[in-house]
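Chemist: here's a sequence, model it:
(chains A and B)
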Amino acid sequence: NAGVTQTPKFRVLKTGQSMTLLCAQDMNHEYMYWYRQDPGMGLRLIHYSVGEGTTAKGEVPDGYNVSRLKKQNFLLGLESAAPSQTSVYFCASSYSTPGQPRGEQYFGPGTRLTVT
Amino acid sequence: GEDVEQSLFLSVREGDSSVINCTYTDSSSTYLYWYKQEPGAGLQLLTYIFSNMDMKQDQRLTVLLNKKDKHLSLRIADTQTGDSAIYFCAEIPMDSNYQLIWGAGTKLIIKP
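Modeler: You can find the predicted model right below:
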C-alpha cells in the first residue's frame, strides 16, 4: 500500500510556463484534494473532487485547473505559472466527507514548486 | 470569519510534557484534527476528537476540548526527539462544504 504519492517532488518553472502535478492514491478513496502550503500559513484548499469525473473549487482556485478522469488520480495543472504560485503543493484523499466518520485526510509527501 | 489560531513555536526539554494549544471560532465544528508534519514530509494524521467529547487519550497523546472557550489542546507525554515536527490543528465547520480550516502550525522544538 503506497498510500498517496505525488510526482514530481521538485520543479522549477519560468514565469509563463505550464506544468501538471500528478497525485495517485491506492486506497480506493472517493474524495481527493489539492492544497498549497506557504510559510507561516495554514494549508489552503485549491480544488477538490468528490468522485471520478467531478471537480470543485476551493479557497484559492485562480490560476489552477484540475481533472479526475480516474478514481485513483487527481491532476493539478498550472497553465501559465506566476511567481506567486511558488509554494509546496500537497495532495490528500479521504474515504468519506470531512466531518463524517472516516473523513480524515491522508496526505502525499508534497511537491516543492519554484517559479522564477 | 472562521479562523484557527496556534502559537508558531513551542520549546520543551526531552522527557517533559508538551502542550500545544489551538483556538477556533466556529462552534458548529463537528471534528477537530491534529496532524503532524516532519521536515520534508507530508502531513500525517495524529488524532482527532468529535465535538461531543471533552477528552481523548491515545498512548502518549491526550486531546482536550473546551467547547465553551473554543479551545483545543494536544498534550504529548514524555516528549522525545522524534516528536520534533510541526503540529497543525484543523476544524471542519458544519457548513464548510468539504473545506477544513487549518491553523498555521506549531513547531515543536526539543531541547536535550
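Chemist: contacting residues for residue B:15?
Modeler: Contacts for residue B:15 (C-beta atoms under 8 Å, 6 or more residues apart in numbering or on different chains) come out as B:78-79. Yep, even glycine has a C-beta here, placed from its N, CA and C like the rest.
Chemist: quick check: beta-bridge partners of the residue in chain B that chain A sits nearest to?
Modeler: Scanning chain B for the residue nearest chain A gives residue B:102, at 3.1 Å (criterion: C-beta to the nearest C-beta). Judged by DSSP bridges, the bridge partners of residue B:102 are residue B:90.
Chemist: how near is it to residue A:58?
Modeler: Here residue B:102 is placed at a distance of 12 Å from residue A:58 (C-beta to C-beta, to the nearest Å).
Chemist: comparing those two, which residue is more hemmed in?
Modeler: Legend: neighbour count by other C-beta atoms under 10 Å in any protein chain shown for residue B:102 and residue A:58, higher for residue B:102 (22 against 19).
Chemist: distance of the residue in chain A positioned nearest to chain B from residue A:76?
Modeler: Closest approach between chain A and chain B, counting by C-beta to the nearest C-beta: residue A:42, at 3.1 Å. Distance from residue A:42 to residue A:76, counting by C-beta to C-beta: 19 Å.
Chemist: what do you get for residue A:93?
Modeler: 13 Å.
Chemist: now do residue A:45
Modeler: In terms of C-beta to C-beta, residue A:45 sits 12 Å off from residue A:76.
Chemist: overlap in contacts of those two?
Modeler: residue A:34.
Chemist: ok, back up a step: the residue of chain B closest to chain A contacts residue A:37, correct?
Modeler: No: assessed by C-beta atoms under 8 Å, residue B:102 is found out of contact with residue A:37, at 9.1 Å.
Chemist: need the contact list for the spatially most central residue of chain A.
Modeler: For chain A, residue A:34 is the residue whose C-alpha lies nearest the centre (C-alpha atoms, centre = their mean; 2.4 Å). Taking C-beta under 8 Å, 6+ apart, we find residue A:34 in contact with A:21, A:23, A:45-48, A:58, A:64, A:66, A:74, A:76, A:89-91.
Chemist: so which residues of the chain form strands?
Modeler: Since you didn't name a chain, this refers to chain A. A:4-7, A:10-13, A:19-25, A:31-37, A:44-49, A:56-57, A:64-67, A:73-78, A:87-94, A:106-107, A:111-115 (DSSP state E).
Chemist: hm, I was asking about chain B
Modeler: B:4-6, B:9-13, B:18-24, B:31-37, B:43-50, B:55-58, B:61-66, B:71-76, B:85-91, B:101-102, B:106-111.
Chemist: tell me which of those strands sits most buried.
Modeler: Per residue and on average, the most neighbours among these fall to strand B:85-91, with a mean of 24 (mean count of other C-beta atoms under 10 Å in any protein chain shown).
Chemist: just the angle between that strand and strand B:18-24, please?
Modeler: Computed by axes from the mean of the first three to the mean of the last three C-alpha atoms, to 10 degrees, the angle separating strand B:85-91 from strand B:18-24 equals 30 degrees.
Chemist: near chain A, which residues of chain B show up?
Modeler: B:4, B:8, B:30-31, B:33, B:35, B:40-45, B:48, B:88, B:90, B:92, B:94, B:96, B:98-105 (C-beta under 8 Å from any C-beta of the partner chain).
Chemist: alright, calling it a day.
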